[in-house]
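A.B. asks: give me a 3D structure for the following:
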Amino acid sequence: MDNYSDVQILKTNDGRRYYSTLFYPELVDGDDNYYVITENGDRLDKMAYQFYNDVSLWKIIAANNPHIRKDRLTLDANIQLKIPIDASKYIDRLRDFNEKR
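C.D. replies: Okay, the predicted model is just below:
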């Protein structure tokens with residue numbers, strides 16, 4: 001599955017392709033979260049698969065953790081991540097937010 005399937009592909013004047021910036025809305029904090037400490041080799045897409053059974057939902061984890069790097073899927077070790085238990089309330093909001101940009 002393509003992690004950037006909903007991100008627009010742009011072209012430079014000389015024909016090089018690149019992905020547009022993916023923005024993250026501020027998400028309302030809920031009380032229904034998992035908290036995990038990352039280990040070496042952890043990745044946002046793998047965490048999304050572990051908790052949501054869908055690698056494309058890595059953006060929900062990224063949006064709920066403003067302290068992590070957003071320019072890569074790999075995570076540094078020993079970082080606390082907040083992972084919402086119910087991803088469904090965030091899916092439409094993320095999609096709508098990025099479609100408006």
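A.B. asks: isn't residue 68 up against residue 83?
C.D. replies: No - taking contacts as C-beta atoms under 8 Å, residue 68 lies outside contact range of residue 83: 11.8 Å. For the C-beta atoms, the positions are set from N, CA and C on the backbone; glycine is no exception.
A.B. asks: what pLDDT is listed against the residue of the chain positioned farthest from its centre?
C.D. replies: Distance from the centre of the chain peaks at residue 14, with 30.1 Å (C-alpha atoms, centre = their mean). Residue 14 is assigned a predicted lDDT (pLDDT) of 87.
A.B. asks: tell me the secondary structure for it?
C.D. replies: coil (DSSP: H, G, I helix; E, B strand; the rest coil).
A.B. asks: can you report phi and psi for it?
C.D. replies: Dihedral pair for residue 14: phi -90, psi 10, per degrees, to the nearest 10.
A.B. asks: residue 68 and residue 83: which has the busier surroundings?
C.D. replies: Just comparing residue 68 and residue 83: by other C-beta atoms under 10 Å the higher neighbour count belongs to residue 83, 19 against 16.
A.B. asks: now the strands for the chain?
C.D. replies: Using DSSP state E, the strands of the chain run over residues 9-11, 17-19, 33-37, 80-84.
A.B. asks: nearest to residue 43, of those strands?
C.D. replies: strand 80-84 (11.5 Å; C-beta to C-beta).
A.B. asks: could you check the angle strand 33-37 makes with the closest one?
C.D. replies: Taking axes from the mean of the first three to the mean of the last three C-alpha atoms, to 10 degrees, one finds strand 80-84 and strand 33-37 inclined to each other by 150 degrees.
A.B. asks: in the protein, which spans are helices?
C.D. replies: Secondary structure of the chain (DSSP state H): helices at 44-52, 58-63, 88-99.
A.B. asks: deepest of those helices, which one?
C.D. replies: For the helices of the chain, the largest average neighbour count (mean count of other C-beta atoms under 10 Å) is found in helix 58-63, namely a mean of 22.
A.B. asks: for the strands of the chain, give me CSV that also has distance to residue 57 and mean pLDDT.
C.D. replies: What follows is the strands of the chain, written out as CSV (distance: least, C-beta to C-beta, whole Å; pLDDT from 0 to 100):
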stretch, distance to residue 57, mean pLDDT
strand 9-11, 21, 77
strand 17-19, 18, 70
strand 33-37, 13, 92
strand 80-84, 10, 92
